[in-house]
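Visitor: compute the structure for the input listed below.
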Amino acid sequence: MSATRLLAFVSFVFLVGLDALGQNRLNVLFIAIDDLRPALGCYGDKVAKTPNIDRLAKRSIVFNRAYCQQAVCSPSRLSMLTGLRPDTIQVWDLGTHFRKARPNAVTLPQYFKNNGYFTQSIGKIFHGGGKPSQDPVSWSIKPQYDTTRDPKTRYVLPNNLKGTGLKRSASESADVSDDAYIDGIVANAAVKALRQMSNRKQPFFLAVGFRKPHLPFNAPRKYWDLYERNNIPMPGNARHPKEAPELATRSWMELEGYTDVPKNGKLSDSKIRELRHGYYSCVSYIDAQVGRLLNTLGENGLTEKTVVMIYGDHGFHLGEQGLWTKANNFELSTRVPLIFSLPNYSGAQSNALVELVDVYPSLCDVVELPIPRKLEGTSFLPILKNPNQPWKSAVFSQYPRSVKGHRHSKHGDIMGYAFRTKRYRYVEWQDWKSKDIVGRELYDFEDDPFEMSNVADEGENRSVIVKLSERLARGWQSALPAKE
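Guide: Okay, here's the model as predicted:
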């Protein structure tokens, strides 16, 4: 171990109270929240009512500028859980398993299991259905509620239960208990698991995956009642960005599949208000479930022994930029909440650029497991000790499109490669076969903080485009922080 590494190790051991031999490794409570953008009080959202996550944030590091690698569930989650980017694991859609391209990959929970941890999965961790949701070698015991598709855990109102398929109404408010829906059931199971784990000498890695605020926006009525609908602002900047290519603003047709949403996607003001109300209600519903887990940690003497991580797998549009849901390269779809709580940590916020692919090496670093070789993320442990230090100069995302149709399969026909610096978002839409550039986007956040004007074709930006294109071609390695 180098002198620099040894110093970092000793200082961090002092910070979290681990013994120097690593015999009392910290537990990990890993909380995944589906479709959660930073709609939380701790991120400055003035609408959101999220007291439980906010109180955790006070003893956590809150990453204000964290980004996913692809803004749709399975590719984002599988990239993070393997520590490898979408092009490396060759997962760009909802139906491909990462082990098809990387059969020998070792996932984050698998690595912890191989190093003495008891690993358990409850809820949606890898994906919500099909083969991509399954990876038995990652877990010490069989996962619970990982592929639940029962309509009775999604809907409770009679009109919706009479429907067919997974998509019925886009929202539902019912006077029921929390465990009438799947996320309350998941929380019950997670509480039980934590109580059992408190009696184990073996450290644990418990992954808990909540499905809301993913559509449909269904939650018990008491969470809807937390909000006055007319006090929730309508989306600002509700048109597509000026000069943005159609590839950038194409709808994924997720919302349009619900029975009460027009197939052309044109929503009335009342429906927009209902949907935005529903999203925030679901966020509060999940916040309550997180609160139950945090309370259980405290009641069972686990708070000072456990790292708690909360993240959203990607962001979400609620009508801004004329878009709904995700499946694009814009800020609202790629920026995610990422909260990291350590025992005895006093709390901080960081504006460092970080990525979900960084989570794997970071969790290893925090509990003092050796970081596996060939991961494509960077441990942000140094930021935990100094939140304001210089860090990555850019973060990278991507999204594929087919030439025709709203949804792609595999890598699609055209891949939109995007990277975000402090000032710019630059996107190149590349033909997958020829690698020819068929479209570009450039958004200058100094002049255009809401990405409402693509200025890639403006002559004054030619030199900027050349520099950013060269940086994009060099890839994610070019943006890494300087080594100590």
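
Visitor: next one: residue 251 from residue 410, what distance?
Guide: Here the criterion is C-beta to C-beta, to the nearest Å. By it, residue 251 lies 20 Å from residue 410. Heads up, the C-betas are built off the backbone N, CA and C, glycines and all.

Visitor: those two: which is more packed in?
Guide: Of the pair residue 251 and residue 410, residue 251 is the one with more neighbours under other C-beta atoms under 10 Å, namely 17 against 14.

Visitor: so what's that one up against?
Guide: 265, 323, 324, 406 (C-beta atoms under 8 Å, 6 or more residues apart in numbering).

Visitor: how far away is it from residue 63?
Guide: Plainly put, residue 251 is 29 Å away from residue 63 if you go by C-beta to C-beta.

Visitor: check contacts around the nearest residue to residue 242 once chain neighbours are set aside.
Guide: The spatially closest residue to residue 242, leaving aside those adjacent along the chain, is residue 453, at 4.6 Å (C-beta to C-beta, 6 or more residues apart in numbering). Neighbouring residues of residue 453 by C-beta under 8 Å, 6+ apart: 241, 242, 243, 443.

Visitor: and after the worst-scoring helix or strand of the chain on mean pLDDT, which helix or strand comes next?
Guide: When the helices and strands of the chain are compared on mean pLDDT, DSSP states H and E, helix 3-16 comes out lowest with a mean of 39. Using DSSP states H and E, the helix or strand that directly follows helix 3-16 along the chain is strand 27-33.

Visitor: so what strands line up beside that following strand?
Guide: With DSSP bridges as the test, strand 27-33 is paired with strand 204-210 (parallel), strand 306-312 (parallel).

Visitor: identify whichever of these lies nearest to residue 347.
Guide: Evaluated with C-beta to C-beta, the strands paired with strand 27-33 place strand 306-312 nearest to residue 347, the distance being 12.7 Å.

Visitor: what does the average pLDDT come to for the closest one?
Guide: Strand 306-312 carries an average pLDDT of 98.

Visitor: helices and strands around the helix or strand just after that strand, which ones?
Guide: Sequence-wise, the next helix or strand beyond strand 306-312 is strand 317-318, with elements assigned using DSSP H and E. Packing partners of strand 317-318 (3 or more C-beta pairs under 8 Å, 6 or more residues apart in numbering; DSSP states H and E): helix 269-299, strand 324-325.

Visitor: may I see those arranged in CSV, with mean pLDDT and distance to residue 138 as well?
Guide: As requested, the helices and strands packed on strand 317-318 are arranged in CSV below (pLDDT from 0 to 100; distance: least, C-beta to C-beta, whole Å):
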stretch, mean pLDDT, distance to residue 138
helix 269-299, 98, 20
strand 324-325, 98, 28
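
Visitor: just these: most buried one?
Guide: Burial of those is given as mean neighbour count (mean count of other C-beta atoms under 10 Å); strand 324-325 ranks first at a mean of 24.

Visitor: got the buried residues for the helix or strand following it?
Guide: Sequence-wise, the next helix or strand downstream of strand 324-325 (DSSP H and E) is helix 331-334. By neighbour count with 16 or more other C-beta atoms under 10 Å, helix 331-334 contains the buried residues 331, 332, 333, 334.

Visitor: right, and the helix or strand after the helix or strand harbouring residue 112?
Guide: Using DSSP H and E, residue 112 sits in helix 108-114. Downstream of helix 108-114, the first helix or strand assigned by DSSP H and E is strand 118-123.

Visitor: packing partners for that following strand?
Guide: helix 108-114, helix 182-197, strand 204-210.

Visitor: who's in contact with the last one?
Guide: Looking back up the chat, that one is strand 204-210. Under C-beta under 8 Å, 6+ apart, the answer for strand 204-210 is 27-34, 109, 112-113, 117-125, 146, 183, 186-187, 190, 193-194, 197, 286, 289-290, 293.

Visitor: following element in sequence after that strand, please.
Guide: strand 217-220.

Visitor: any weak-confidence spans in this structure?
Guide: By pLDDT under 70, the low-scoring segments of the chain are 1-23, 128, 484.

Visitor: domains for it, by residue range?
Guide: What automatic domain parsing lists as the domains of the chain is 28-392, 396-479.

Visitor: now the end-to-end length of the last one.
Guide: The first and final residues of domain 396-479 sit 9 Å from each other (C-alpha to C-alpha, to the nearest Å).

Visitor: please apply the same query to stretch 206-221.
Guide: 29 Å.

Visitor: list the buried residues of it.
Guide: Judged by neighbour count using 16+ other C-beta under 10 Å, the buried positions of stretch 206-221 are 206-220.

Visitor: for stretch 451-465, same thing?
Guide: Applying 16+ other C-beta under 10 Å to stretch 451-465 flags 451, 452, 454, 455, 456, 461, 464, 465 as buried.

Visitor: before we move on, what about stretch 415-424?
Guide: 415, 416, 417, 418, 419, 420, 421, 424.

Visitor: same deal with stretch 83-100?
Guide: 83-94, 96-99.

Visitor: for stretch 170-177, measure first residue to last.
Guide: Length of stretch 170-177, first residue to last, C-alpha to C-alpha: 20 Å.

Visitor: neighbouring contacts of that stretch?
Guide: With contact meaning C-beta under 8 Å, 6+ apart, stretch 170-177 is reached by 155-157, 160, 180, 184, 215-221, 224, 255, 258-261, 274-275, 277-278, 281.

Visitor: tell me who's in contact with the closest residue to residue 303 other than its chain neighbours.
Guide: Nearest in space to residue 303, with sequence neighbours left out and distances taken as C-beta to C-beta, 6+ apart, is residue 297 at 4.7 Å. If you count contacts by C-beta under 8 Å, 6+ apart, residue 297 has them with 29, 194, 303, 306, 308.
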